[in-house]
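**Student:** output the structure for:
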Amino acid sequence: MAKSRIYFISDVHGSNRCFRKFLNAASFYKADILILGGDITGKVMTPIVEEEDGSFRCTYQGSDLVLKNNEVEEFRKKAADFGSYTSVVSPSEFKELEANPGKVTELFSRLMVERTREWISLAEERLGKTSVKCFISPGNDDIFDLDRVLDSSPYVVNPEGRVVEINGDHEMITLGYTNHTPWNSPREVDEDVLALKISGMADKVQNMKSSIFNIHVPPIDTPIDQAPRVGKNLKIVVKAGNVEMISAGSSACRAAIMKYQPMIGLHGHIHESRGIVRLGRTMCVNPGSEYGEGILRSFISDLEGDKIRSYLLASG
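**Tutor:** Prediction:
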């Protein structure tokens with residue numbers, strides 16, 4: 001049995017800087033297999049209004065900015081590094097965006113697809129002729145238009161919803177759907193639906209002892225599923241000066257892991273809950289996410305058959 005090194009991340013949310021680091025990890029960490037486990041796309045779009053006087057105005061991270069023509073591209077690059085999408089628009093186009101939420105959604109979706117397509121092309125260019133395998137799947141925040149981009153690559157594999165062999169010794173099931181959240185994201189379903197989706201794949205796994213469950217949502221009631229409680233106004237609940245935390249993971253995910261006992265559970269979704277926990281024989285991992293600072297949180301592990309030879313949580 002050959003030893004394989006996997007490099008796993010999640011929740012990069014449109015950060016160009018984090019995605020480039022992900023690709024660079026193949027050589028830096030000598031990884032054989034790269035896995036990006038969902039929430040590929042960003043959460044923020046910044047229109048840049050080109051004024052009649054030749055200046056450019058926008059609001060970014062709560063600040064009103066005025067840019068010169070020669071500053072626009074550098075600003076767009078910086079914004080992309082930290083996960084924001086930008087689009088240069090005229091004053092009339094900006095007014096149309098303000099008046100028509102459908103236009104905002106249309107532009108946002110187009111920018112998400114464009115950046116994802118750029119990322120896939122970059123992965124093909126840098127790694128397509130190497131022996132490194134690259135798996136990228138959508139998460140609950142990712143629109144369904146992304147699937148056709150991921151599925152179109154001759155190099156990058158979208159493992160969503162099926163069993164794939166990541167090498168000769170390890171099978172992986174992948175699920176980007178989650179239980180319901182306050183944010184009403186695109187891929188949210190009831191727990192019973194999650195359970196059926198997981199079991200539909202898990203029952204096809206040939207060797208469970210060496211398998212990987214790449215399930216975006218972590219198992220409920222674990223140290224890796226702790227998230228701030230969000231109120232009806234979508235604001236974080238603070239009591240006595242402290243952020244109130246809750247278990248936001250999935251009962252279906254936990255039940256499946258306890259039933260099937262795969263070798264590893266790869267999770268994400270809850271950015272704040274970086275860590276590793278054991279459920280029976282299964283090592284469950286959430287590398288966490290700090291994409292907004294351009295920091296890439298990751299999990300690295302050497303696998304040999306049904307044994308985890310080494311592992312660590314890394315940052316860079």
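**Student:** where do the helices sit along the stretch 151-300 of the chain?
**Tutor:** Along the stretch 151-300 of the chain, the segments classed as helices by DSSP state H, counting those that start in this stretch run 191-202, 251-260.
**Student:** and the angle from the shortest one to helix 191-202?
**Tutor:** It stands for helix 251-260. 40 degrees (axes from the mean of the first three to the mean of the last three Cα atoms, to 10 degrees).
**Student:** what is the rounded mean pLDDT of helix 251-260?
**Tutor:** Across helix 251-260, the average pLDDT comes to 99.
**Student:** what separates it from the chain centre, distance-wise?
**Tutor:** Relative to its chain's centre, helix 251-260 lies at 21 Å (Cα atoms, centre = their mean, to the nearest Å).
**Student:** on that earlier part again, quick one: closest of the helices of the stretch 151-300 of the chain to Ser131.
**Tutor:** helix 191-202 (26.2 Å; Cβ to Cβ). (C-beta placed from N, C-alpha, C; glycine too.)
**Student:** tell me the buried residues in the closest one?
**Tutor:** Leu194, Ala195, Lys197, Ile198, Ser199, Met201, Ala202 (16 or more other Cβ atoms under 10 Å).
**Student:** helices or strands next to that helix in the packing?
**Tutor:** With contacts taken as 3 or more Cβ pairs under 8 Å, 6 or more residues apart in numbering; DSSP states H and E, helix 191-202 sits against strand 171-175, strand 212-215, helix 251-260.
**Student:** got the CA coordinates for it in CSV?
**Tutor:** Provided in CSV are the C-alpha atoms of helix 191-202 (Å, rounded to 0.1, in the frame of the first residue of the first chain):
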residue,chain,number,x,y,z
GLU,A,191,-32.1,16.4,8.2
ASP,A,192,-34.0,13.4,6.9
VAL,A,193,-33.0,14.4,3.4
LEU,A,194,-29.4,14.8,4.4
ALA,A,195,-29.5,11.3,5.9
LEU,A,196,-30.8,9.8,2.7
LYS,A,197,-28.2,11.6,0.6
ILE,A,198,-25.4,10.3,2.8
SER,A,199,-26.6,6.8,3.1
GLY,A,200,-27.2,6.6,-0.6
MET,A,201,-23.5,7.1,-1.2
ALA,A,202,-22.2,5.3,1.9
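**Student:** quick one: contacts of it?
**Tutor:** If you take Cβ atoms under 8 Å, 6 or more residues apart in numbering as the criterion, helix 191-202 is touched by 161-163, 173-175, 177-179, 189, 208, 213, 215, 217, 250-253, 255-256, 260, 262.
**Student:** can you pull out the helices in the stretch 1-150 of the chain?
**Tutor:** Under DSSP H, counting those that start in this stretch, the stretch 1-150 of the chain gives helices at 16-28, 72-81, 91-99, 101-127, 145-151.
**Student:** and the helices and strands packed on helix 191-202, which is most packed in?
**Tutor:** strand 212-215 (a mean of 28; mean count of other Cβ atoms under 10 Å).
**Student:** what strands line up against that one, and which way round?
**Tutor:** Paired neighbours of strand 212-215 in the sheet (DSSP bridges): strand 171-175 (parallel), strand 264-266 (parallel).
**Student:** can you redo the ones you listed as JSON lines with distance to Pro228 and mean pLDDT?
**Tutor:** Converted to JSON lines, the strands paired with strand 212-215 look like this (distance: least, Cβ to Cβ, whole Å; pLDDT from 0 to 100):
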{"stretch": "strand 171-175", "distance to Pro228": "24", "mean pLDDT": "99"}
{"stretch": "strand 264-266", "distance to Pro228": "23", "mean pLDDT": "99"}
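**Student:** let's have those strands in CSV, adding distance to Phe108.
**Tutor:** Shown next, in CSV, are the strands paired with strand 212-215 (distance: least, Cβ to Cβ, whole Å):
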stretch, distance to Phe108
strand 171-175, 25
strand 264-266, 28
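**Student:** got any ranges where the stretch 201-316 of the chain has weak pLDDT?
**Tutor:** Within the stretch 201-316 of the chain, no stretch has pLDDT under 70.
**Student:** neighbouring contacts of stretch 73-84?
**Tutor:** 12-18, 42-46, 48, 58, 60, 65, 67, 85-86, 115, 291-294.
**Student:** give me the buried entries from those.
**Tutor:** By 16+ other Cβ under 10 Å, the contacts of stretch 73-84 give 12-18, 42-46, 48, 58, 60, 67, 85-86, 115, 291-292, 294 as buried.
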